[in-house]
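Q: Give me a 3D structure for the following:
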Amino acid sequence: MTTGKGRWMAAALLLGLLSLAGCRESVLVSESETAPVQTERDRAAYGFGVGYSGTGYTASLTQWKDRMYEGTEGDVELSLYGDNVLGSGEEMLKAVQNGTLSIVACSTSACASIVPEATVLDIPACYEEYIRPYMVYEGMFFDRMNECFQKQGLELLYLRTGEYWLISSAAPITSLKQLQGIRLRTSGSAFHNKLFDLLGMTRVEDIGLNGLPYILDEKGVDGIETTYTILKSQNLLDAQPYALKCPLFVMGSAFVMNAETFQSLPSEYQTVLKRTLRDLFGARQEEMYRENSQGRGEEGLTVYHLTEVEQEALRGLAQPVFQEIEAIVPQELLEALKQENQKAEGGSDPG
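A: Now for the predicted structure:
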């Protein structure tokens, strides 16, 4: 198995030449001394490596790559590196911070070790005034969060929440009591793990997406902290056909770029980077929101929900986790998040 250090070295070696933007033109040799010298750009002026985990992003990122190329008339070309080839989300974010990778798409949980304020999106979802699924952030909350990223040498291109995290399983789990003692493969978030400990689960960590089929075959876990998209994209619905969908956490995702590289771009290209992401992924957000609202978003999975009484009990159990995050995140950022969620409550679509 490739170690974290090994993946880090691979990332640095593979993308060291892709990290910083720069014009690259070639001169064509003239056919004769009297022929005029011709110049022609034989490749994009700016080439950026984009790292991401799993396969769920692949189709959308391929569309983003094409739109960037077209929107900049061939000046910006993205090279995609998925399926965990460059390591974990946290490892890739560190590479972006250090300039050996240009852009990463990762969970907001993975950002927390570098940008502590990102833990705000790890508030348990039973605190609905702060955490809502299918939100695309563009207003004051996004701007203040981006300031936190910029302090760490990063530029926030896009920020959203998506699906609820599920507890998937081979047999039905329908209550909080049934969670006690189960062996759960976790996503690795420190705050997720704190709540799982409070719920009495046994955590199994450091298993990448590609390792899930094997640990399930070996019956090394009883359940997975996951999302429907992950279960479907990793072909795990047959092995994990049941899920408890309770307000534990909501998947948060961020697209993050090296700040120096971002600032080296012409302003119009900076705008295109963010606008194309918002247009492409924002449209997908609205589609997923409608599918789930109409009960069509989780085909092939039998989903159970907590009663209102158990949801209230969950909120009480999660209080220490909320208080710890509250102590880390500036009050003005918490308030901006709360206000943006309140504004969205009256709308039919996210973002």
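
Q: could you pull out the helices for the stretch 101-250 of the chain?
A: Per DSSP state H, counting those that start in this stretch, the stretch 101-250 of the chain carries helices over the ranges 108-111, 140-150, 190-198, 212-217, 228-233.

Q: In TSV: these, plus mean pLDDT, mean neighbour count and distance to residue 317.
A: Heads up, the C-betas are built off the backbone N, CA and C, glycines and all. Formatted as TSV, the helices of the stretch 101-250 of the chain follow (pLDDT from 0 to 100; neighbours: other C-beta atoms under 10 Å; distance: least, C-beta to C-beta, whole Å):
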stretch	mean pLDDT	mean neighbour count	distance to residue 317
helix 108-111	94	26	19
helix 140-150	97	18	27
helix 190-198	96	17	5
helix 212-217	87	15	27
helix 228-233	89	20	24
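
Q: out of these, which comes closest to residue 168?
A: Among the helices of the stretch 101-250 of the chain, the nearest to residue 168 by C-beta to C-beta is helix 228-233 (6.0 Å).

Q: now that closest one: how far from the chain's centre is it?
A: On the basis of C-alpha atoms, centre = their mean, to the nearest Å, helix 228-233 sits 14 Å off its chain's mean C-alpha point.

Q: What of stretch 311-330?
A: With C-alpha atoms, centre = their mean as the basis, stretch 311-330 stands 22 Å off its chain's centre.

Q: in that stretch, what's buried?
A: Residues of stretch 311-330 classed as buried: 311, 314, 315, 317, 318, 321, 322, 325, 329 (neighbour count, 16 or more other C-beta atoms under 10 Å).

Q: Report the mean per-residue pLDDT for it.
A: Across stretch 311-330, pLDDT averages out at 96.

Q: gap between the two ends of it?
A: Chord length of stretch 311-330, first to last residue, is 27 Å (C-alpha to C-alpha, to the nearest Å).

Q: before we move on, the earlier item: can you put the helices of the stretch 101-250 of the chain in a markdown table and add distance to residue 44?
A: Shown next, in a markdown table, are the helices of the stretch 101-250 of the chain (distance: least, C-beta to C-beta, whole Å):
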| stretch | distance to residue 44 |
| --- | --- |
| helix 108-111 | 28 |
| helix 140-150 | 25 |
| helix 190-198 | 39 |
| helix 212-217 | 36 |
| helix 228-233 | 29 |
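
Q: do you know which of those lies nearest residue 126?
A: Evaluated with C-beta to C-beta, the helices of the stretch 101-250 of the chain place helix 190-198 nearest to residue 126, the distance being 9.7 Å.

Q: residues making contact with that closest one?
A: Under the criterion C-beta atoms under 8 Å, 6 or more residues apart in numbering, residues 109, 112, 119, 122, 124, 165, 184, 186, 203, 205, 225, 248-249, 317-318, 320-321, 324-325 lie in contact with helix 190-198.

Q: can we see that at 10 Å?
A: Helix 190-198 has contacts (C-beta atoms under 10 Å, 6 or more residues apart in numbering) with 109, 112-113, 119, 121-124, 126, 165, 167, 179, 182, 184, 186-187, 189, 201-203, 205, 225, 248-249, 314, 317-322, 324-325, 328.

Q: Quick one: the strands in the stretch 1-150 of the chain, in order.
A: 26-28, 38-40, 46-52, 76-81, 103-107 (DSSP state E, counting those that start in this stretch).

Q: Report pLDDT for residue 341.
A: We have a pLDDT of 89 for residue 341.

Q: Pretty sure it sits in a helix.
A: Yes. Counting by DSSP: H, G, I helix; E, B strand; the rest coil, residue 341 is part of a helix.

Q: Am I right that it is in contact with residue 128?
A: Yes. Taking contacts as C-beta atoms under 10 Å, residue 341 lies within contact range of residue 128: 8.1 Å.

Q: where's the helix or strand hosting residue 332 relative to the chain centroid, distance-wise?
A: Using DSSP states H and E, residue 332 sits in helix 331-344. When C-alpha coordinates are averaged (C-alpha atoms, centre = their mean), helix 331-344 and its chain have centres 20 Å apart.

Q: So which bits of it are buried?
A: 333, 334, 336, 337, 340, 341, 344.

Q: and those as a markdown table, adding distance to residue 239?
A: As requested, the buried residues of helix 331-344 are arranged in a markdown table below (distance: C-beta to C-beta, whole Å):
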| residue | distance to residue 239 |
| --- | --- |
| 333 | 39 |
| 334 | 39 |
| 336 | 41 |
| 337 | 36 |
| 340 | 38 |
| 341 | 35 |
| 344 | 35 |
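
Q: out of the residues you listed, who's nearest residue 72?
A: Distances from residue 72 to those, taken by C-beta to C-beta, are shortest for residue 340, at 30.2 Å.

Q: now that closest one: how far from residue 184?
A: Residue 340 is 31 Å from residue 184, where distance means C-beta to C-beta, to the nearest Å.
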